[in-house]
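[1] need a structure here:
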Amino acid sequence: MSPTPPSASVSRSRQSIHKSAASGRRAAIACARAASSEAAREMIEAGGNAIDAAIAAALVGGVIEPMETCLAGSGFLLMHRPGDARPTAVDFGSRAPQAARADMFRIDTSRSIDRGLGVSVVVDDANMLGARASGVPGTIRGLTDALAAFGRLPLSRVMQPAIRAAHDGFEVDNYYALDTLANLDALRRYESSARVFLRNNLPPVPAFLGAASLGVRERIRQPDLGHSLEMIAAQGADAFYRGEIARGLLATHAEHGGILTAEDLARYTSHIASARHLRFRDTDVWMPNAPCGALTQIQMLQLWQALYPEGAPAEDTPERTRLLAEVTWHAFADRYHFLGDPQQVPVPEAALAGEAYAREIARRIRNGERVASWLENPQAPWDHFAGQALHDPWAFESDPARAVRWQPQGGTEPTAGTTHVSVIDGEGMAVSITHTAANHYGSRLVCPRTGFLIDAAMGWFNAVPGAANSIAPGKRPLANMAPMLLTRRGEAFAALGAPGGRRIISAIAQIAINLVERGHDAETAVHAPRQDASGAQLLLSERLQGQAADLAPIGERLRWVDEQHEGFGYELARPNIVVRQNNGLLQAACDPFVKGFALALD
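    Numbers count the residues shown, from 1 in each chain. As a prediction, this is how the structure comes out:
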């Protein structure tokens, strides 16, 4: 990122980056990697539907993207079938083990490191590294439950691409090498992880200087994981949660000081129910029910409608940019203070999702009330707002007596690392899946008995006691994942989602606005310049630099995101979307600045 825009009097060369969409009528697929999209295509051509295709792609992603996700992780799935009144949400988010406690991690006050954790850093990074960082994994249960309920093909068939990917391996690219280098010390901690992901205790060197075309690329093979996936394909999810794989995982947890138990695994269930709903303009928006990015997305879209009751201007103007930042600041201030697992703590969900509360905040924004504590406070926002509310949504609840005033002494900001799959088939079934290891390489610990990379979902909790999102036994952490479906008149209109940590939320809200309000097609929607205001700075695409003078009052908190050469930047997330046009044509598109891969079948 460059901190200041270039002088208007200087002419500089600039890359023009574009990635075409893929269009067809039989199916359209958008994934983070080509192998995932090809797995989805394989299922469609075998007679499967969008669920078969999306789950095959998600399983492959869990094998070939250890930098982002794993199959001992967690996530969320949305599905719409033609004729159904409401789409379905399959929530397979993580839970804290029953032995977890609010004070199980000690805050390290000797360090202040900005790496996605926030101000409070945990001693020995124990909520990020090793077995104690792991939550109860949900991915295998959630994906197999969804397949059994809504798919056409047997599990043994849908898992074949992932099994092949584990045995045959995936090619090392520049992003893999750099991400592995960034996590090198942590991966070296565990012989099992180093054996899989390193070569001679170093990251594999990717092909470059012509070898990318002419040479043979290094491959990362995971035979132990492949064997475990073969067991699941033959025996079902119980092999993971109750059988030989469960015993192997638990033995590794015990050896490394973990707290996961056989009861935690055996009791885990996914949750299948109608998706959470918002009416945005002329479109129905559907999101997961569990603690994730959904409620914040709803609040952002409600605020946007309240600010622009008749619709916002289509062009990128300084006012539009500033008001979108204000919407994000207000919604995330509430997120950092009020949101947690509503099964265990009071959460003012109705108010945060409601029109009345949105109109009140919109009135304050229009009256010029600034979020001064966001722009001027030296603390990171997740730390500041964890213990200090900006608003009082409880006043808009039917039972304000349930209100809780959270007063933790700080906060921790969730880590990143995620993949996303969007699929719509020719029959009109739409699927959106986001799943994750909760951090890059999860906990960095590979179980040597099973080959599964263990996740780091405990890092999603506030490690400081006394917050809405503090740790408790069996509690669901507040995740950032935010897959979305859009429908119109009961038909699937779009499936969308993204990797990108907390920046997923704002990115997908903006793309929903682009599709619904600005009338963009899939390609235009993901190419449009975005912004993010969920952190301590306002991040803006460098393509908005013409607004620099008008946005100058934001001062040094404004940062421009260089979109020229950073092929895997997380600053503005990495959307993968599929859109069904009015003529029935399906269009899949991926963010042009990353290595996403879209395909379509005619």
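[2] buried sites along stretch 366-384?
    Of all the residues in stretch 366-384, those buried under the rule 16 or more other CB atoms under 10 Å are 371, 374-375, 379-384. To be clear about C-beta, it is placed using only N, CA and C from the backbone, and glycine gets the same treatment.
[3] in the chain, which helix or strand is least confident?
    Within the chain, confidence by mean pLDDT, DSSP states H and E is lowest for helix 211-214 among all helices and strands, at a mean of 62.
[4] any idea which helix or strand comes after that one?
    Next along the chain after helix 211-214, taking DSSP states H and E as the criterion, comes strand 219-220.
[5] ok now the next helix or strand after that next one, how far from the chain's centre?
    In the C-terminal direction, the helix or strand that comes right after strand 219-220 (DSSP H and E) is helix 223-235. Between the mean C-alpha location of helix 223-235 and the chain-wide mean there is a distance of 26 Å, by CA atoms, centre = their mean, to the nearest Å.
[6] tell me the mean pLDDT for helix 223-235?
    The pLDDT scores in helix 223-235 average 98.
[7] and after that helix, which helix or strand comes next?
    On the C-terminal side of helix 223-235, the closest following helix or strand by DSSP H and E is helix 238-241.
[8] and the helices in the stretch 501-602 of the chain?
    Listed in chain order, the helices of the stretch 501-602 of the chain (DSSP state H, counting those that start in this stretch) span 503-516, 522-527.
[9] again with the stretch 301-450 of the chain
    So, for the stretch 301-450 of the chain - with DSSP H, counting those that start in this stretch - the helices run 318-338, 349-353, 355-366, 372-376, 381-386.
[10] distance from the last one to the middle of the chain?
    Spelled out, that is helix 381-386. Taking mean C-alpha positions (CA atoms, centre = their mean), helix 381-386 and its chain are 21 Å apart.
[11] what does it contact?
    With CB atoms under 8 Å, 6 or more residues apart in numbering as the contact definition, helix 381-386 has outside contacts at 118-120, 332-333, 336-337, 373-374, 377, 406, 408, 410-413, 462, 464, 467, 469, 534-536.
[12] what about the residues you listed, which are in strands?
    Using DSSP state E, no member of the contacts of helix 381-386 falls in strands.
[13] can you select the buried ones from these in ChimeraX?
    In ChimeraX syntax, the buried subset of the contacts of helix 381-386 is picked out as below (16+ other CB under 10 Å):
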select :118,119,120,332,333,336,337,374,406,408,410,411,412,413,462,464,467,469,534,535,536
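[14] so which residues of the stretch 501-602 of the chain form strands?
    Listed in chain order, the strands of the stretch 501-602 of the chain (DSSP state E, counting those that start in this stretch) span 531-532, 538-541, 558-561, 576-580, 586-590, 597-601.
[15] average pLDDT across the first one?
    The one in question is strand 531-532. Model confidence over strand 531-532 averages 96 on the pLDDT scale.
[16] distance from stretch 237-247 to the middle of the chain?
    Between the centre of stretch 237-247 and the centre of its chain there are 27 Å (CA atoms, centre = their mean).
[17] OK, contacts around the residue nearest in space to the middle of the chain?
    Geometric centre of the chain, nearest residue: Met481, 3.4 Å, by CA atoms, centre = their mean. Taking CB under 8 Å, 6+ apart as the contact definition, Met481 lies against 75-76, 288, 292-293, 418, 434-436, 497, 504.
[18] great, nothing more from me.
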